[in-house]
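Enquirer: just the structure for this:
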Amino acid sequence: MEINFNKGNYKRSDINCKIWTEYQIELLKLAYKQYGSNWVQISEKFFPDRNANQLKCKFNYLMRQMKQKQDIDTRVNIDEILKNTKKEETQPTEKQDINYSQVKQIHDLVQQNQQKTIQCINQQIYNHQFQQFSQQFSFLQYQNNISQFNDKTKLQQMQDQQLNQKQK
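Expert: So this is what the prediction gives:
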């Protein structure tokens, strides 16, 4: 028996084995952004004629293609950067000094902002912990007052009982 996969799935005729269109590829990417790797749900909502495994395989194939393209682009960019760097090293300019000072200023500002952010976070943590402590302390005081009130009430009851026993 000869099976021709290009015409469809021989066990399930509702499964599509046709070539992917650009629209379907973009739809798959958008669906992945929204639903993550829940291929069954994506299949049910967007691709009822394709199964979850087909979606997963196509998505992984697209990711491999993108990574290979990025690797090639990165190699080209690195070569260009190295060529430009060699030219700049042989001909220093004032622009490089300005860029260095600007970078230094930006670096200093970023560090200051990080320190302020850390201080702010620490203050918020302290305030939150202090608030929790205050609530717990208030609760303990409340319990202590109730306990003292109960103790006074019990003491009064005991005294009343003793007084009643003496009177009898």
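Enquirer: quick check: the residue nearest to the spatial centre of the chain vs Ile42, distance?
Expert: Compute the mean C-alpha point of the chain, and by Cα atoms, centre = their mean the closest residue is Gly36, 13.2 Å away. Per Cβ to Cβ, to the nearest Å, Gly36 is found 9 Å from Ile42. Heads up, the C-betas are built off the backbone N, CA and C, glycines and all.
Enquirer: low-confidence stretches in the chain?
Expert: Within the chain, the stretches with pLDDT under 70 are 1-14, 16, 76, 79, 85-98, 151-152, 168.
Enquirer: name the single longest helix found in it.
Expert: The longest helix of the chain (DSSP state H) is helix 94-167.
Enquirer: give me the distance from that helix to the chain's centre.
Expert: How far helix 94-167 lies from its chain's middle: 28 Å, per Cα atoms, centre = their mean, to the nearest Å.
Enquirer: tell me the domain boundaries of this structure?
Expert: 1-95, 110-168 (automatic domain parsing).
Enquirer: most tightly surrounded among those domains?
Expert: Greatest average neighbour count among those goes to domain 1-95 (a mean of 12), per mean count of other Cβ atoms under 10 Å.
Enquirer: ok, the nearest residue in space to Leu62 that is not next to it in sequence to Cys57 distance?
Expert: Distance criterion Cβ to Cβ, 6 or more residues apart in numbering; nearest residue to Leu62, sequence neighbours excluded, is Ile25 at 6.7 Å. In this view, Ile25 and Cys57 are 13 Å apart by Cβ to Cβ.
Enquirer: likewise for Cys17?
Expert: In terms of Cβ to Cβ, Cys17 sits 12 Å off from Cys57.
Enquirer: who are the packing partners of the longest helix of the chain?
Expert: Helices and strands touching helix 94-167, by 3 or more Cβ pairs under 8 Å, 6 or more residues apart in numbering; DSSP states H and E: there are none.
Enquirer: so the residue nearest to Leu62 is in contact with Gln65, correct?
Expert: No - contact between Ile25 and Gln65 fails when scored by Cβ atoms under 8 Å: they sit 10.4 Å apart.
Enquirer: need the overlap of contacts for the two.
Expert: Shared contacts of Ile25 and Gln65 (Cβ atoms under 8 Å, 6 or more residues apart in numbering): none.
Enquirer: what about Asn144, distance to Gln131?
Expert: 20 Å.
Enquirer: before I go, just wanted to say thanks for your time.
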